[in-house]
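[1] got a sequence here, can you build the structure:
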Amino acid sequence: MTGRQHQQRFTALLQEHRKIVFKVAAIYARTPEDRADLEQEIRTQLWRAFARYDERRGKFSTWLYRIALNVAISQSRTRYRDGSGRVEPLEQHHLDSIGGGTVIDEPDARIRMLYAVIASLDPLNRALILLYLEDRSYAEIADVLGISETNVATKISRVKQTLRGRLARSTHSRTEHKHGTR
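    Numbers count the residues shown, from 1 in each chain. Below is the predicted model of the structure:
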């Protein structure tokens with residue numbers, strides 16, 4: 001395969017699976033600028049690794065998720081380690097462009113709360129729930145994250161329990177605030 005053919009194949013595959021890059025960036029970056037930077041870094045790392053991609057060893061989407069999540073988690077850890085990362089509550093303006101510029105037209109406050117709770121998870125659990133919500137099989141999640149299927153099942157169960165608890169507290173807190181019972 002010539003260099004030009006290699007580049008065209010990469011571009012076509014990336015275009016076909018671009019939403020994965022957008023979703024990962026949306027889950028791990030808060031501002032539009034940070035999302036754009038993370039998307040660019042993911043694309044750069046994908047291109048650097050593309051020569052080693054072997055379609056006989058697995059689906060492109062699995063390979064892409066693995067690299068995208070590794071880049072996002074690595075950047076996330078670096079930001080918190082050096083103090084430049086700060087946690088802020090996820091508000092509607094953060095959610096407006098999740099999905100790579102696609103505006104979410106979801107009036108349901110429960111969905112906004114779910115995104116906020118997901119954003120509060122540690123990077124590995126965010127990756128796990130993102131893949132789970134994408135209806136990826138436990139085998140594919142295990143392959144992407146480099147853990148066993150049993151570990152995936154256990155972690156998903158724990159994350160679901162955490163999400164339920166945090167959503168219940170958020171809902172209760174919101175109801176109290178709304179009715180002035182705080």
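[2] centre of the chain to stretch 67-78, how far?
    Remark: stretch 67-78 is offset 10 Å from the chain centroid, using CA atoms, centre = their mean, to the nearest Å.
[3] again with stretch 53-68
    Taking CA atoms, centre = their mean, one finds the center of stretch 53-68 at 16 Å from the center of the full chain.
[4] next one: stretch 157-171
    Its chain's average C-alpha position is 18 Å from that of stretch 157-171, according to CA atoms, centre = their mean.
[5] what's the answer for stretch 126-141, then?
    10 Å.
[6] now do the same end-to-end measure for that stretch.
    This stretch, stretch 126-141, spans 12 Å end to end (CA to CA, to the nearest Å).
[7] give me the buried positions along it.
    126, 127, 128, 129, 130, 131, 132, 136, 138, 140, 141 (16 or more other CB atoms under 10 Å). Where C-beta positions appear, they are placed from N, C-alpha and C, glycine not excepted.
[8] let me know the average pLDDT across that stretch.
    Averaging pLDDT along stretch 126-141 yields 92.
[9] how about residues contacting it?
    By CB atoms under 8 Å, 6 or more residues apart in numbering, the residues outside stretch 126-141 that reach it are 23-24, 27-28, 59, 62, 65, 69, 72-73, 118-119, 121, 144-145, 149, 152-153, 155-156, 159, 163.
[10] show me where this protein has its strands.
    Taking DSSP state E as the criterion, the chain carries no strands.
[11] so in it, where's the weakest helix or strand by average pLDDT?
    Of all helical and strand segments in the chain, the minimum by mean pLDDT, DSSP states H and E falls on helix 92-95, at a mean of 42.
[12] mind naming the longest helix for the protein?
    The longest helix of the chain (DSSP state H) is helix 149-179.
[13] tell me the contacts of the residue nearest the centre of the chain?
    When CA atoms, centre = their mean is applied to the chain, the residue found nearest the centroid is residue 24 (3.3 Å). If a contact means CB under 8 Å, 6+ apart, then residue 24 has 38, 42, 65, 68, 69, 72, 130 as its contacts.
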